[in-house]
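Trainee: any chance you can model this:
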Amino acid sequence: MIRNYFKIAWRNLVKNKAFSFINVFGLSVGLTCFMFIAAYVYNELSYDRYADNAEHIYRVGIHLDANGSTTDFPMVDVAVGEGIKDAFPEVTAFTRYQNGGRLFGRYNDKQFKEEKVAFLDANFLSTFSIPLTEGDQRTALNEPNSIVISRATAIRYFDKEPALGKTISFEHEGYKVTGVFDKIPDNSHFHFDMALSATVRNDSRRQTWSNVSHMTYLLLRPGTDAKQLEAKLPQLVAKYVVPEIQQDMGISLAEAQKSVNTFRFYLQPLTDIHLHSNTKFELEPNGDINYLYVFGALAVFILLLACVNFTNLSTASAGKRSKEVGIRKVMGSLKGQLVAQFLSESILMSLFATVIALAIVYALLPAFNELAGKNIQIGFFLQPTTLLVAFGVSLLTGIVAGIYPSFFLSAFKPIKVLKGALSAQPRRSLLRGSLVVFQFVVSTALIMATIIVYRQLNFMQNQKLGYDKEQVLIVNDSYALGNNETAFRQQLLKDSRVVNATISWSAPANGRMDGTQIFVKPLQQNDPHNEIQAGIYRVDYDYLPTLGMKLAAGRNFSPDFPSDSSGVLVNETAVKELGINGNPIGRTIVRSGRKEFTIVGVVKDFHFTTAKQKIAPLMMLMGRNGGSVITKIKTTDIKTLVADMKKSWESFSSGIPFSYTFLDERFAAQYAAEEKSGKLFTLFAIISVVIACLGLFGLVAYTIEQRTKEIGIRKVLGASVQQVLVLVSKEFLYLVVIAFVIAIPATWWIMSKWLQDFAYRTNISWWVFGAAGIMALLIAAVTISFQAVKAALMNPVKSLRSE
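Mentor: So this is what the prediction gives:
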């Protein structure tokens, strides 16, 4: 019996090629989107789960209440991990990770710039279950000056020679290779190509508690309640942090004791870091759990749109199969058998669509990976579990899409349909109309959301930054020139195409800065004592003019003032949050270590991070801090200028490769995630509109099929083509208008929540909804016109022939 169902189902699919093509196409697109989004969501949820003890590893961070808000730091000071382990038996081990920045590695005559370098405790590899293909993960980093490298790095340095035992030099200090690993998993919140032993580096440091420097991870005993352990950590703040702050800042014990309430350690599960931690100090850009909710909902909605499309097209063609149903019932078929027959057609079509969807996934996976920034392999989709889930979803989709048409068709009365009385059924179906409304609510909402995403992106990219990012070329790694760094800058300034140049490790949009606690020295005993967290830029005399930054008060650093070595520039936010009343020039700032600086100027606020974050307090100190040469240029022939800069570089460097970037490119890179979101929203909006139009096409076809004779009679009685077009179109456009009205508040609420993640954001203007509504109406009108014009131009003689 089942075989017969599928045999007849196949015959009907082949017989109605156009109907089958449209249905299979809609379901294939829906299932393809579902598979891609499901793979993306699964990949995001799988981050950091590769470690054997992932469920028991927690990262220690700091909540710092200052400036009227809370700043989260994912790092803590060097002594914190060991201190927590010694204080609480629930902690079985701790391990630390410190970013090594950029280093130049040498082996014989080979030299490479290494940008993914980490300093690790000896037990880091075993704690995170990172296997070594050569060496022992438990002991590889035990000895000072030992190093573990990736397989790709080993090939770069040593070709096919064994790597173990060889020495790589960094700035005249050698590190012995004691281990080789394949690669850090893609779904990890950290990645490195080289891991250097931090044994001496950490042990030789002053064992402090109040600064931020190390990513510190704790391994808890199974069954430990992390929240209960976290509740005990304030006692360590009182024991270690308070006296340290009192000594470093030179403040009273009473003031320092306030830290118990403002300085709080917190524990974050390892598996929550990627999706639930979004501080500006993360090792790598993290994901966002809210995006997973949105994309997960989109996957379900797009699949439902495809099901609605199938349902509408099936009911649209019901008239063609009504006599078949009548004859089957006359011949003794039961309703259940008819339901099974029509469901088998739906399931067969869904399974066929799944096979096509897998083929589309195979073809488009590279493009999807590039768009989403992932490295999902085709093998993921071919795993037995994935295939089982895919065909399970396909089966469910077939049932959901076909359940209503099955009962609808099987409910026909044989006497009526054999008499040709099917057309007497009500023209308007509340269910079918509701399905079209649902489709266009989703489609219109996505159009609105896409416009808002791009408006926010445009707002961030074009707002006043407080500095000039255009025609700013940054020569990277100039610290490698050593004493020649200043000479290289002077050489560049001799070129008329270089307007100005400055040397600094810190530049807007690169995230590189130190941090410290500061307060302003009171003039009177009752002056407010506002202790705040501030970033630190180390700059020279030419930093502000090179980047076009403006002063709000005071002056810039100048060689005419030798005392500027103890001077400081602060931004407007720092002045405000320090609570300085009156003129800030000449006031004294105290930072950690009781170091005092005199304010010589106030820099107008500028965005040194993204628009997602409020402008934070910043202090600029005078002093050498090599790292990059930032140049302001004026030329249209960039290629020739870069070539000349490279020649100058090579005259000073000893084999260090020349590397450069543009400030506007760094700025744009900050919003790569939002760019991807915009592209994904656009893609999903287009797909949902296409599927919704297919559903609308089906409903129009159904209605015209039921009203063919009515239209013929109207034309005989003198109705014009335009009148027929209005007659057929108005009720469908009415449904689109209803969908538009429903979509407005839903989209406004969702996108308002999304915009709250940005400290500086655009407004949601009324025209966004108007533009989306007009687009939806135009798209719907074009879709309707295909069938409406055909019906209006039909010869009434043909439609009334049977009468």
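
Trainee: for Gln137, phi and psi?
Mentor: Main-chain torsions, Gln137, degrees, to the nearest 10: phi -60, psi -30.

Trainee: so what's the residue lying closest to it once chain neighbours are set aside up against?
Mentor: In this structure, Gln137 finds its nearest non-sequential neighbour in Leu125, 4.2 Å apart by CB to CB, 6 or more residues apart in numbering. All C-beta spots, glycine's among them, are computed from the backbone N, C-alpha and C. Taking CB atoms under 8 Å, 6 or more residues apart in numbering, we find Leu125 in contact with 132, 137-138, 140-141, 148, 179, 181, 195.

Trainee: show me what the host helix or strand of Glu705 is packed against.
Mentor: Glu705 belongs to helix 672-706 when elements are defined using DSSP states H and E. Judged by 3 or more CB pairs under 8 Å, 6 or more residues apart in numbering; DSSP states H and E, helix 672-706 is in contact with helix 17-45, helix 289-316, helix 318-330, helix 335-372, helix 430-462, helix 721-755, helix 766-793.

Trainee: ok, now how distant is the residue nearest to Gln137 from Ala195?
Mentor: Relative to Ala195, Leu125 is positioned 7 Å away (CB to CB, to the nearest Å).

Trainee: quick one, what contacts the residue nearest to Ser765 when sequence neighbours are not counted?
Mentor: Counting by CB to CB, 6+ apart, Ser765 lies nearest to Arg455, which is 8.0 Å off, once chain neighbours are set aside. Arg455 makes contacts with 762, 765, 768, as judged by CB under 8 Å, 6+ apart.

Trainee: repeat that for Met448.
Mentor: Under the contact definition (CB under 8 Å, 6+ apart), the residues listed for Met448 are 743-744, 747, 751, 768-769, 772.

Trainee: how about a cut-off of 10 Å?
Mentor: Applying CB atoms under 10 Å, 6 or more residues apart in numbering to Met448 gives the contacts 681, 685, 740, 743-744, 746-748, 750-751, 764, 768-773, 775-776.

Trainee: re the thing from before, so for the helix holding Glu705, mean pLDDT?
Mentor: Helix 672-706 comes out with an average pLDDT of 78.

Trainee: rewinding a little: mutual contacts of Leu125 and Ala195, please.
Mentor: Both Leu125 and Ala195 are in contact with 140-141, 148, 179, 181, where contact means CB under 10 Å, 6+ apart.

Trainee: pick out the residue nearest the middle of the chain.
Mentor: Geometric centre of the chain, nearest residue: Ala673, 4.4 Å, by CA atoms, centre = their mean.

Trainee: looking at the chain, which strand is longest?
Mentor: Ranked by residue count under DSSP state E, the longest strand found in the chain is strand 91-107.

Trainee: whichever helix or strand comes after that strand pairs with which strands?
Mentor: Downstream of strand 91-107, the next assigned helix or strand under DSSP H and E is strand 110-120. Strand 110-120 has its sheet partners listed here by DSSP bridges as strand 91-107 (antiparallel), strand 194-197 (parallel).

Trainee: would you list those in CSV and tack on distance to Ile451, mean neighbour count and mean pLDDT?
Mentor: Output for these, formatted as CSV (distance: least, CB to CB, whole Å; neighbours: other CB atoms under 10 Å; pLDDT from 0 to 100):
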stretch, distance to Ile451, mean neighbour count, mean pLDDT
strand 91-107, 39, 19, 89
strand 194-197, 45, 24, 93
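
Trainee: among those, which is nearest Val78?
Mentor: Relative to Val78, the nearest member of the strands paired with strand 110-120 by CB to CB is strand 91-107, separated by 7.6 Å.

Trainee: and the closest residue in space to Thr486 that isn't next to it in sequence, how many neighbours does it have?
Mentor: Computed as CB to CB, 6+ apart, the closest residue to Thr486 that is not its neighbour in sequence is Ile503, at 7.0 Å. For Ile503, the number of neighbouring residues by other CB atoms under 10 Å comes to 24.

Trainee: list the contacts for Ile503?
Mentor: 475, 478-479, 485-486, 488-489, 538-540, 542-543, 546, 624-630.

Trainee: so what's it bridging to?
Mentor: Val629.

Trainee: gap between the spatially closest residue to Gln257 that is not a sequence neighbour and Ile147?
Mentor: Nearest residue to Gln257, sequence neighbours excluded (CB to CB, 6+ apart): Val242, at 5.6 Å. Using CB to CB, we find Val242 at a distance of 38 Å from Ile147.

Trainee: same question for Leu544.
Mentor: Where Ile147 is concerned, Leu544 sits at a distance of 40 Å (CB to CB).

Trainee: quick one: which of these two has more around it?
Mentor: Neighbour tally, Leu544 and Ile147, criterion other CB under 10 Å: the higher count belongs to Ile147, 25 against 21.

Trainee: verify the assumption that the more buried one is located in a helix.
Mentor: No - using DSSP: H, G, I helix; E, B strand; the rest coil, the assignment for Ile147 is strand, not a helix.

Trainee: on that earlier part again, pull out the buried positions in the helix or strand the residue nearest to Gln257 falls within.
Mentor: Assessed by DSSP H and E, Val242 sits inside helix 242-249. Buried residues in helix 242-249, defined by neighbour count with 16 or more other CB atoms under 10 Å: 242-246, 248-249.

Trainee: mind giving me the packing neighbours of the very next helix or strand once past it?
Mentor: Using DSSP H and E, the helix or strand that follows helix 242-249 in sequence is helix 253-256. Judged by 3 or more CB pairs under 10 Å, 6 or more residues apart in numbering; DSSP states H and E, helix 253-256 is in contact with helix 242-249.

Trainee: how far out from the middle of the chain is the helix it packs on?
Mentor: Counting by CA atoms, centre = their mean, to the nearest Å, helix 242-249 is centred 39 Å from the centre of its parent chain.

Trainee: any idea how far the closest residue to Asn530 other than its chain neighbours is from Ile738?
Mentor: Closest residue to Asn530 apart from its sequence neighbours, by CB to CB, 6+ apart: Gly579 at 4.3 Å. Gly579 is 55 Å from Ile738, where distance means CB to CB.

Trainee: between these two, tell me which one has more neighbours.
Mentor: Ile738 (16 against 13).

Trainee: skipping adjacent residues, who's closest to the more buried one in space?
Mentor: Nearest one to Ile738, counting by CB to CB, 6+ apart, is Val437 at 5.4 Å.

Trainee: counting neighbours, what do you get for that neighbour?
Mentor: Using other CB under 10 Å, Val437 has 20 neighbouring residues.

Trainee: distance check, it against Ala788.
Mentor: Distance of Val437 to Ala788, computed by CB to CB: 19 Å.

Trainee: and if you look at Ser146?
Mentor: Ser146 is 77 Å from Ala788, by CB to CB.

Trainee: which of these two has more neighbours?
Mentor: Legend: neighbour count by other CB under 10 Å for Ser146 and Ala788, higher for Ala788 (23 against 20).

Trainee: give the residue spans of the stretch 551-700 of the chain that score low on pLDDT.
Mentor: Residues of the stretch 551-700 of the chain meeting the criterion pLDDT under 70: 593-594, 654.

Trainee: the strands in it, which residues?
Mentor: Along the stretch 551-700 of the chain, counting by DSSP state E, counting those that start in this stretch, strands occupy 551-554, 567-571, 588-591, 595-603, 618-622, 628-633, 660-662.

Trainee: hmm, the residue nearest to Ile738 is touching Leu735, no?
Mentor: Yes - Val437 lies in contact with Leu735 (CB atoms under 10 Å); the separation is 5.3 Å.

Trainee: per-residue pLDDT of the closest residue to Ile302 other than its chain neighbours, please?
Mentor: Leaving aside its chain neighbours, Ile302 sits nearest to Cys33 (4.7 Å; criterion: CB to CB, 6+ apart). Note on Cys33: pLDDT of 88.
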